[in-house]
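Undergrad: The following block contains a protein sequence and its predicted model.
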Amino acid sequence: MEKMTSAHVAYSFLALFVTAVLAIDADHAVAGETGKWCPETIETQQEPKTIPEGYAVSADTLGPSRLTYVSFFDGPPEQQADLVPDEDKGGQPEWHFSSPSKVGGYWIGCHYSRTQLMLTRQLPASVRKCSVSYQKRDQGLIEGERPIKQITCG
């Protein structure tokens, strides 16, 4: 039996946290035609592992982390099989899931501003494609990216 490292423990805790956040924050999700895929914002609490001598830590008062982009994976995200879009229709990327995944289903990864956390969840087996549409550039940017307007999966 493999010994659990601190990374395994941290990942397990993160997976549990993500599940809880998705369950609690489902009403604040970017919606698609077939359901809710990524919460628009998440509350995070970050702490440094070490603090260099002579420095102090101050709290970030910029509010919650906002959804900045999404990824799709063939298999659990920890396997890092990040998929590239199959099409890009005028800045609206689209992923096709025409053949069944052989490594644990297809997953969505929700990425947020000012954090390295990614919320993930497995897509239902019935999902055959997902697309992401973005707001216009003149409506503001989040960390240099256009905000997501809608995630549609079906």
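TA: On my side now, so go ahead. None of these values were measured; they are calculated from a predicted model. Numbers count the residues shown, from 1 in each chain.

Undergrad: where does this protein dip in pLDDT?
TA: The chain contains residues with pLDDT under 70 at 1-35, 137-145.

Undergrad: helix or strand for the residue nearest to the spatial centre of it, which one?
TA: Geometric centre of the chain, nearest residue: residue 110, 1.1 Å, by Cα atoms, centre = their mean. Element membership of residue 110, judged by DSSP states H and E, is strand 106-112.

Undergrad: what about the residue nearest to the centre of the chain, distance to residue 50?
TA: 29 Å (Cβ to Cβ, to the nearest Å). Any C-beta I mention is one placed from the backbone N, CA and C, and that applies to glycine too.

Undergrad: If we ignore the residues flanking it in sequence, what's nearest residue 97?
TA: Distances taken as Cβ to Cβ, 6 or more residues apart in numbering place residue 106 nearest to residue 97, at 5.0 Å, with adjacent residues excluded.

Undergrad: That neighbour contacts residue 123, doesn't it?
TA: Yes. Between residue 106 and residue 123 a contact is recorded at 4.7 Å, counting by Cβ atoms under 8 Å.

Undergrad: Between these two, which contacts overlap?
TA: The contact sets of residue 106 and residue 123 overlap at 72, 97 (Cβ atoms under 8 Å, 6 or more residues apart in numbering).

Undergrad: residues contacting the residue nearest to the centre of the chain?
TA: By Cβ under 8 Å, 6+ apart, the neighbours of residue 110 are 37, 38, 39, 67, 70, 118, 119, 120.

Undergrad: before we move on, back to that, burial of the residue nearest to residue 97, as a residue count?
TA: 23 (other Cβ atoms under 10 Å).

Undergrad: Repeat that for residue 52.
TA: 6.

Undergrad: C-terminal to the helix or strand hosting residue 68, what's the next element?
TA: In the assignment (DSSP H and E), residue 68 maps to strand 65-74. Next in sequence after strand 65-74, counting helices and strands by DSSP H and E, comes strand 87-88.
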